[in-house]
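Peer 1: test case, fold it:
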Amino acid sequence: MKKLLFLLLFPIFAFSQSITISVDYAGLIVEPVENEITPVTDLEIGDEFYIDITMDNSDNSERKATYADIWFTFKNDAFEYLGVINPLDGTNNWYTYQWPSIYQFNNSSTATVDDLYGQYYTDHTWSSVGDENSDHAPMQIRTQTAGPELTGTVARLKFKYKQVQNGFDFSESVFLRKASVRDNTTGYLFTDVKAFPNQTFDNAPASTTVTAQFKVLFPSTLDATLFSAGIYTPDSDNTWVQPTGAIYENLSSTGTLNVTQGFNITDDFAVITNWDGYVVDAENGDYTIPFSEQYDEIVTISDVVLAFNELANRGINMDETGNEFNYGIQYMNADVNGDGSFDDQDTYLMLAHVLDSDNSSLLGANPAMVMASKFYSKADWDAITISNYSQYPNGTTLMSFLDNKVANTQQFSFESAITWKGDVNLSHSTAPPAAVNTSAIAKSASLGVLASPQAARFAINPDLITISSGLVTELKDGKVYATVTLDPGTQEIAGLQYKLSYDNTKLTFDSINFETVNTSTNFGSNKQNYVKFGSFIKSGDEVLSESTKYTLIFTPKVQLTNTLGLIVISNTDAANKKGQQLNLEIK
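Peer 2: Down below sits the predicted model:
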């Protein structure tokens, strides 16, 4: 009985038939080599190519597929649809229709995605969502014959790759959605219709899969997150604009920015980096640091002393250079008036900036980063020397031009050095390469210090000699007094600079009293919520000794019982007569 049952059932299984439908790449519309198909991985933006819709019947001995209604979608922002070819040469009835790209296909809740029959006859739906929400255009192909079977290629679609932004998602660019297939001769409806082997076409042109990262080589004295940047390209009017999809955001803590979106290997690109200055402070409230305040920490008294020393130490015939400077970039940064040479006009402009005399800022009337910053590719930065620095541009800029036109490269990594007009000791610039002025190295070695001009911000560089200052605040006679004293140790101090921050919601700055030697040039200026002050001795035998004292006087805006938390020295700078920057600690 069991054997008979098996024999009765066996023919049912034997004649079970399945239809598979696939989307297959079929070569370029115009092949460069006759009878050869360009590999799909070689396709690029602008190429015109074929996609075949193919069908296969697992067993056509009993039933043949003579009717098919096939629906698919394609990404019309990736492809330009060029038309369809009927490969059966008119031996079939043929119907095609492209629907507008305002619809979204919603898969059946009961059928699997590759079950084209189930998707067709169960609860799939099309939703009208509008062009802005649908990146797929629906298309229908309906074909039937009077007897010959529909097999192999039943439709040949023609597409062209559109120009898209780098990183575009090409997955499911063509997507088989549903299908109905039957044998018109017997009226048999095929119920096993699957998408196989390829339900989708996903190829991405190599040029759109390029990744790119940009990095500014910030020194430890600068906070990279206070800068923002983005990738730009020139338009038809040669105006630099951001390409489609590009981002503009703050740099990471390591100075990096992903510039993949909008990047390619054919157009001209530059990254524009600018000052942002926005500080997130959960405890006291967010605030923004003006660039002019940051620049006051970049160009300081130690830059002035070093620049004056380089000019003064030119040998008996006043024709020597490089006795104080170790790097070509130092001459470039010292040329603050941009006339192509470093001379006493530059040193006095630097001094006027530090003294803040008559608002003589090196930034001019526009206190923006573009007036001070300079960017160089890492290769150029490493190549600048004392003998060749005049061959490199020395203008201020926000732009880092990218060397992106490199064929057969998928991953780009760009590094840019940053430096500043007036940053003579390179305290806030990218570390220069190892090759330096050998005469300066020998001189520095004889003095027992490092030859590197890399400087410090508020006593953080252990390689520099350390001196100290004291700060005492007191509330007396209705005023707040802040007294700053100096302990130079064994150093002969030629320049001092302090940044004393105060709570301007509770204090109003009145004045500052200087107790220094007669030949000292003293300076002090109020900057809304901090006071920049100090002293400079240009020449002679006198130095700033332990008798140096500064007294700053404030008037309270509110009733005070003490001075706790009202005043702090947030930045310092010092240099000795030899032009060496010193760590200046506050004790």
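Peer 1: what residues are up against the residue nearest the centre of the chain?
Peer 2: Central residue of the chain (C-alpha atoms, centre = their mean): L257, 2.5 Å from the mean position. L257 makes contact with Q213, F214, K215, A229, G230, E249, L251, V271 under the criterion C-beta atoms under 8 Å, 6 or more residues apart in numbering. (C-beta placed from N, C-alpha, C; glycine too.)
Peer 1: and of these, the nearest to S22?
Peer 2: Q213 (38.2 Å; C-beta to C-beta).
Peer 1: how about T254: what's its closest non-neighbour residue?
Peer 2: Ranked by C-beta to C-beta, 6 or more residues apart in numbering and with sequence neighbours excluded, the top spatial neighbour of T254 is A224, at 6.6 Å.
Peer 1: again, but for F49
Peer 2: Excluding the flanking residues, the one nearest F49 by C-beta to C-beta, 6+ apart is L28, at 5.2 Å.
Peer 1: same deal with N93?
Peer 2: For N93, the nearest residue in space outside its immediate sequence neighbours is Q144; the separation is 5.1 Å by C-beta to C-beta, 6+ apart.
Peer 1: so what does the one you found have for phi and psi?
Peer 2: Q144 has phi and psi values of phi -150, psi 150 when expressed as degrees, to the nearest 10.
Peer 1: and for it, the neighbour number?
Peer 2: Residues lying near Q144 (other C-beta atoms under 10 Å) number 16.
Peer 1: now for it: which residues touch it?
Peer 2: Q144 makes contact with T66, Y67, A68, N92, N93, L150, N184 under the criterion C-beta under 8 Å, 6+ apart.
Peer 1: the fifth one contacts N184, correct?
Peer 2: The reference is to N93. No. Taking contacts as C-beta atoms under 8 Å, N93 lies outside contact range of N184: 10.4 Å.
Peer 1: flag every buried residue along stretch 212-221.
Peer 2: By neighbour count, and taking 16 or more other C-beta atoms under 10 Å as the criterion, the buried residues in stretch 212-221 are A212, F214, K215, V216, L217, F218, P219, T221.
Peer 1: also stretch 257-274?
Peer 2: If you call a residue buried by 16+ other C-beta under 10 Å, then stretch 257-274 has these buried ones: 257, 259-265, 269-274.
Peer 1: also stretch 162-171?
Peer 2: Along stretch 162-171, the positions that meet the burial threshold by neighbour count (16+ other C-beta under 10 Å) are V164, N166, G167, F168, F170.
Peer 1: shaky segments in this structure?
Peer 2: Residues of the chain that meet the criterion pLDDT under 70 lie in 1-16, 89-90, 315-322, 358-359, 434-463.
Peer 1: all the helices of the chain, residue numbers only.
Peer 2: Along the chain, the segments classed as helices by DSSP state H run 2-14, 116-121, 291-298, 301-312, 328-334, 344-355, 378-383, 438-447.
Peer 1: tell me how far G524 lies from Y278.
Peer 2: Noted for G524: a distance of 29 Å to Y278, by C-beta to C-beta, to the nearest Å.
Peer 1: more neighbours, those two?
Peer 2: Set side by side, G524 and Y278 give different neighbour counts by other C-beta under 10 Å, the larger being at G524 (20 against 13).
Peer 1: and the residue nearest to I386 when sequence neighbours are not counted, what does it touch?
Peer 2: If the residues on either side of it in the chain are set aside, I386 comes closest to G328, at 4.6 Å by C-beta to C-beta, 6+ apart. For G328, the contacting residues are I384, T385, I386, S387, N388, Y389, by C-beta under 8 Å, 6+ apart.
Peer 1: can you select the buried ones from those residues in ChimeraX?
Peer 2: Provided next is the ChimeraX selection string for whichever of the contacts of G328 are buried by 16+ other C-beta under 10 Å:
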select :384,385,386,389
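Peer 1: which of the contacts of G328 sit farthest apart?
Peer 2: Taking C-beta to C-beta as the measure, those span a maximum distance of 9.8 Å, between I384 and S387.
Peer 1: look up how far L217 lies from the residue nearest to T254.
Peer 2: A224 sits 10 Å away from L217 when distances are taken as C-beta to C-beta.
Peer 1: I figured D135 was touching N76, is that so?
Peer 2: Yes. Because the distance of 7.1 Å satisfies C-beta under 8 Å, D135 is recorded as touching N76.
Peer 1: looking at these two, which one has more neighbours?
Peer 2: Taking other C-beta under 10 Å, D135 and N76 do not tie; N76 has more neighbours (20 against 17).
Peer 1: give me the neighbour count for L116.
Peer 2: For L116, the tally of surrounding residues (other C-beta under 10 Å) stands at 29.
Peer 1: same thing with N562?
Peer 2: A count of nearby residues for N562, using other C-beta under 10 Å, gives 10.
Peer 1: residues contacting the closest residue to H124 other than its chain neighbours?
Peer 2: What sits nearest to H124 in space, not counting adjacent residues and going by C-beta to C-beta, 6+ apart, is S108, at 4.4 Å. The neighbours of S108, taking C-beta under 8 Å, 6+ apart as the test, are D115, G118, Q119, T122, D123, H124.
Peer 1: can you add neighbour count and distance to I586 and give those residues back as CSV?
Peer 2: What follows is the contacts of S108, written out as CSV (neighbours: other C-beta atoms under 10 Å; distance: C-beta to C-beta, whole Å):
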residue, neighbour count, distance to I586
D115, 21, 75
G118, 21, 77
Q119, 24, 74
T122, 14, 77
D123, 12, 75
H124, 18, 73
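Peer 1: now the residues you listed in a markdown table, with distance to A431?
Peer 2: Compiled in a markdown table, the contacts of S108 are given as follows (distance: C-beta to C-beta, whole Å):
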| residue | distance to A431 |
| --- | --- |
| D115 | 62 |
| G118 | 65 |
| Q119 | 62 |
| T122 | 66 |
| D123 | 65 |
| H124 | 62 |
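Peer 1: find the nearest non-adjacent residue to F74, please.
Peer 2: Looking at F74 with C-beta to C-beta, 6+ apart, the closest residue is V174, at 4.8 Å.
Peer 1: need the contact list for that neighbour.
Peer 2: Contact analysis of V174 by C-beta under 8 Å, 6+ apart lists V23, I51, F72, T73, F74, K75, F79, L157, T200, F201.
Peer 1: neighbour-wise, which of these leads?
Peer 2: Highest neighbour count within those, by other C-beta under 10 Å: F72, with 28 neighbours.
Peer 1: the nearest residue to that one once chain neighbours are set aside: how many residues sit nearby?
Peer 2: Computed as C-beta to C-beta, 6+ apart, the closest residue to F72 that is not its neighbour in sequence is L176, at 4.9 Å. Residues near L176, counting by other C-beta under 10 Å, number 25.
Peer 1: contacting residues for L176?
Peer 2: Taking C-beta under 8 Å, 6+ apart as the criterion, L176 is in contact with I21, S22, V23, I70, W71, F72, L116, A195, Q199, T200.
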